[in-house]
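In: Generate a structure from the sequence data that follows.
(2 chains)
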Amino acid sequence: MANIMETKPRQGIAVLGKYNIGTSATLLAIVVVLFVFLSLTSAVFPTPGNLSNLLRQTSINGIIALGMLMVIITAGIDLSVGAVVAIAGIVNALMLQAGVSMWVSIPLTLVIGAAIGVFNGILIHEVSITPFIATLGTLTIVRGLVMIMSGARMVANLPKEFGQIASGDIFGIPSMFIIWMALFLVTVFLLNYTQLGRNFFIIGSSKEVARLSGIRLRINMYTVYGLSSLYAALAGILLSSRLSMGVPTAGISYELDAIAAVVIGGGSLFGAAGSAIGAVLGAIIMQTIRNGGNLLGIDPFALQVIIGALILIAVGIDQFRMRRAEKG
Amino acid sequence: MKKLIIGLCAATALALVTGSAFAKDPVEVTVIIKATNSEFWQAVLVGAQNYAKEHEGVTVTTNGPPSEADIEQQVSILEDTVSRGPHGIVISSTSSEATVPAIERAMDQGIPVVTIDNRVKTDKVTSFLATDNVAGGKMAAQQMVEQLKAAGKPLEGKVALISSMAGVQVLIDRDTGFEEGLKEYAPGLTLMTPRYVNNDIFTAVNTAQDLVLSNPDLVGIFADNNTTGSGVAKVLSETGKQDAIVAVAFDSDPQEVEALRSGALKALVVQDPYGMGYKGVDSVIRALAGEKLPAYVDTGANIVTKANMDEETYKNLLDPLGRAIK
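Out: The predicted structure follows:
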């Protein structure tokens, strides 16, 4: 116990301080290097058409990663986000098909998404199931529900105006990217300028410290998992708008991409570390490599090796810096 | 003495059962599929059940685990079936090995076993019915080349291959067949490095988008299942390139059929799961009648285009579930 009290909170403070800015600078440098390299090797990469594709392609994972980030800051994990993406797409599509207006179906779907997250929160806080297992259980349940509701079939023939949400542009910028950036600002605000965000960091440092300093764990845990699920549900709605249909198999293994984006962005599974800008850059780096790989026709298996190596290098560098910061 | 009497009774009973099998008592064929959660396997069951409805004296019982991942469960289902002893068994075995002991036991007991779709590692089966996916892939290449010719395009430039998943045997077969076919029918076309999308339609859309944008000399796309086919169709209709790029895809689902009608996909290669179920039961019945069956029967892949999609035969292939006799 003494050990936890001694080491964990300091880690949290270090992250809120200058260490985090260093991480973002490194990530930004990686993005710049990638962009320069791809612009030199592919004539198509720097074109507006490709860049707007890239932003659209990144937005889904980018949104999920922002929710995942908050959970990871509390030293938790949410494996159910991919399944929530699927159920949100299907539930919303079924409502649209039944003639419900999208102005009603979308808010309802978001509420259902948030409720799934609160269910995770209940499992974790009240039943004391570890986040990994609790959200794994939820993932499996939700995947099953998706299949039951959809009969394992895609839900198509949705109204045109619903499809336009994610496919449209505003002043030449993809609307999906604008929504992602709006959510980014919300997340920055939550994490850095509210008591709620500070609570997440303290819980991630040590639940015991959080409890002793009078933080109400129940409401905070419900909120953080609720938010993660809410973000995933929004991503699910956008995805089904992008595809103009509800896809029962959508979102499979998206949780892993989201975790990877957070971790590349300086998040730590030990909690109390990570930033929204890091998660955004992490998602951009991952998708840029995939997009570049497609443009250049790089061997797909080699591409996987590169992305995997990148995750390890990013985390390795962070560990190294942290140890140096501790010594200094 | 007692044993002898019981033995005699049993023998008489057996003689009665087998003797009357074709006369009055229905012949029971159990059909075991890989997974109940898929339309493909449901179509197999529809074929089998239709056979029973069309042939008096034949009943079909069906069984299968919920998902293809449940190999253990399929083995138990088969073992229970063999113990129960129907007149014949049709099985699409998920594992090529795990079901072998139970299949051999059934054959030893005189229960004919017809395997469909996936080959099991034993020669002790009555017959094996499956689609030759290599041939199907080759047909896709041939169709693409014919459509390019028909559109008056020179047979040069790039062809992209978007594969649903790496390391899955049927997909490898389809891709191999396509590659072989392309080399044979249009050596001037270059097949690009395959892209894999983890059977995720969003990734399929993103990938098709990248390929279309970065390759102005792209003349064709081959998508090796329904997910990739739907993703490719979406991108081609969005970018207005559906006539500049000839896209051919495997399988059929409502999205692909719609894309075929709109022209976003130029052809679909479809298997015949209904035929597998129907012919599977038929093979068992013929084996019971003493007929000698071929070890392997190709149930065939078919090309469906906008031109033939409304003909009865092809309509049935596109929507096998619609054929169920009520």
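In: drop to CA atoms for contacts and neighbour counts, all remaining ones
Out: Fine.
In: for chain A, what are the nearby residues on the stretch 1-150 of chain B?
Out: Taking Cα under 8 Å from any Cα of the partner chain, the part of the stretch 1-150 of chain B that reaches chain A is made up of B:37, B:38.
In: Point to the residue nearest the middle of chain A.
Out: In chain A, the centroid-proximal residue (Cα atoms, centre = their mean) is residue A:65; its distance is 1.3 Å.
In: what about that residue, which helix or strand?
Out: Using DSSP states H and E, residue A:65 falls within helix A:48-73.
In: near chain B, anything from that helix?
Out: Yes: residues of helix A:48-73 contacting chain B under Cα under 8 Å from any Cα: A:49, A:50, A:53, A:57.
In: In contact with the closest residue to the second one other than its chain neighbours, which residues are there?
Out: When you say that, I think you mean residue A:50. Of all residues not flanking residue A:50 in the chain, residue A:44 sits nearest, at 6.7 Å (Cα to Cα, 6 or more residues apart in numbering or on different chains). Residues in contact with residue A:44, defined by Cα atoms under 8 Å, 6 or more residues apart in numbering or on different chains, are A:50, A:295, B:213, B:214.
In: Is residue A:249 in a helix, a strand, or coil?
Out: coil (DSSP: H, G, I helix; E, B strand; the rest coil).
In: and the residue in the stretch 101-250 of chain A that chain B sits nearest to, how many residues sit next to it?
Out: Nearest residue of the stretch 101-250 of chain A to chain B, counting by Cα to the nearest Cα: residue A:250, 6.4 Å away. Look at residue A:250: counted by other Cα atoms under 10 Å in any protein chain shown, it has 27 neighbours.
In: my read: it touches residue B:201, true?
Out: Yes: with contact defined as Cα atoms under 8 Å, residue A:250 counts as touching residue B:201 (7.1 Å).
In: what sits against the residue in the stretch 201-326 of chain B that chain A sits nearest to?
Out: Residue nearest to chain A within the stretch 201-326 of chain B: residue B:214 (5.6 Å; Cα to the nearest Cα). Residues near residue B:214 by Cα under 8 Å, 6+ apart: A:44, A:295.
In: mind listing the strands for the chain?
Out: Assuming you mean chain A. A:169-170, A:173-174 (DSSP state E).
In: wait, I meant chain B there
Out: B:27-32, B:58-63, B:88-91, B:113-116, B:127-130, B:157-163, B:189-191, B:195-196, B:218-223, B:246-250, B:267-270, B:296-298, B:302-305.
In: I'd like these laid out as a markdown table, including mean neighbour count and mean pLDDT.
Out: Shown next, in a markdown table, are the strands of chain B (neighbours: other Cα atoms under 10 Å in any protein chain shown; pLDDT from 0 to 100):
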| stretch | mean neighbour count | mean pLDDT |
| --- | --- | --- |
| strand B:27-32 | 24 | 95 |
| strand B:58-63 | 18 | 94 |
| strand B:88-91 | 28 | 96 |
| strand B:113-116 | 27 | 95 |
| strand B:127-130 | 24 | 94 |
| strand B:157-163 | 22 | 97 |
| strand B:189-191 | 19 | 97 |
| strand B:195-196 | 22 | 94 |
| strand B:218-223 | 26 | 97 |
| strand B:246-250 | 28 | 97 |
| strand B:267-270 | 26 | 96 |
| strand B:296-298 | 15 | 92 |
| strand B:302-305 | 21 | 96 |
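In: Any chance of the ones you listed in CSV with distance to residue B:48 as columns?
Out: Shown next, in CSV, are the strands of chain B (distance: least, Cα to Cα, whole Å):
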stretch, distance to residue B:48
strand B:27-32, 8
strand B:58-63, 7
strand B:88-91, 9
strand B:113-116, 12
strand B:127-130, 13
strand B:157-163, 31
strand B:189-191, 39
strand B:195-196, 34
strand B:218-223, 29
strand B:246-250, 23
strand B:267-270, 19
strand B:296-298, 17
strand B:302-305, 20
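In: right, and those strands - which one's nearest residue A:36?
Out: Between residue A:36 and these, the tightest spacing by Cα to Cα is seen for strand B:195-196, at 23.9 Å.
In: tell me how far the closest one is from the chain's mean position?
Out: Strand B:195-196 sits 22 Å away from the centroid of its parent chain (Cα atoms, centre = their mean, to the nearest Å).
In: Now the residue of the stretch 101-250 of chain A closest to chain B, what are its backbone angles?
Out: phi -60, psi 150 (degrees, to the nearest 10).
In: Now do it against residue B:229, distance only.
Out: Distance, residue A:250 to residue B:229, by Cα to Cα, to the nearest Å: 15 Å.
In: mind listing what residue B:298 touches?
Out: B:129, B:130, B:131, B:132.
In: ok, the third one touching residue B:299?
Out: What that stands for is residue B:131. Yes: assessed by Cα under 8 Å, residue B:131 is found in contact with residue B:299 at 5.2 Å.
In: Between these two, which contacts overlap?
Out: B:271, B:272.
In: Now do the helices in chain A.
Out: Taking DSSP state H to define them, one finds helices in chain A at A:2-16, A:18-41, A:48-73, A:81-97, A:102-125, A:131-150, A:160-167, A:175-193, A:195-205, A:207-212, A:217-243, A:254-264, A:276-296, A:300-327.
In: Make a markdown table out of those helices and add distance to residue B:285 and mean pLDDT.
Out: Compiled in a markdown table, the helices of chain A are given as follows (distance: least, Cα to Cα, whole Å; pLDDT from 0 to 100):
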| stretch | distance to residue B:285 | mean pLDDT |
| --- | --- | --- |
| helix A:2-16 | 72 | 41 |
| helix A:18-41 | 63 | 84 |
| helix A:48-73 | 53 | 96 |
| helix A:81-97 | 43 | 97 |
| helix A:102-125 | 51 | 98 |
| helix A:131-150 | 35 | 96 |
| helix A:160-167 | 51 | 92 |
| helix A:175-193 | 58 | 97 |
| helix A:195-205 | 66 | 96 |
| helix A:207-212 | 68 | 93 |
| helix A:217-243 | 46 | 97 |
| helix A:254-264 | 48 | 95 |
| helix A:276-296 | 52 | 95 |
| helix A:300-327 | 47 | 83 |
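In: most packed of the ones you listed?
Out: Mean neighbours per residue, mean count of other Cα atoms under 10 Å in any protein chain shown, is largest over these for helix A:81-97, with a mean of 29.
In: what is the nearest residue to residue B:61 once chain neighbours are set aside paired to in the beta sheet?
Out: Residue nearest to residue B:61 in three dimensions, not counting chain neighbours: residue B:30, with 4.7 Å by Cα to Cα, 6+ apart. Residue B:30 forms beta bridges with residue B:61, residue B:89, as assigned by DSSP bridges.
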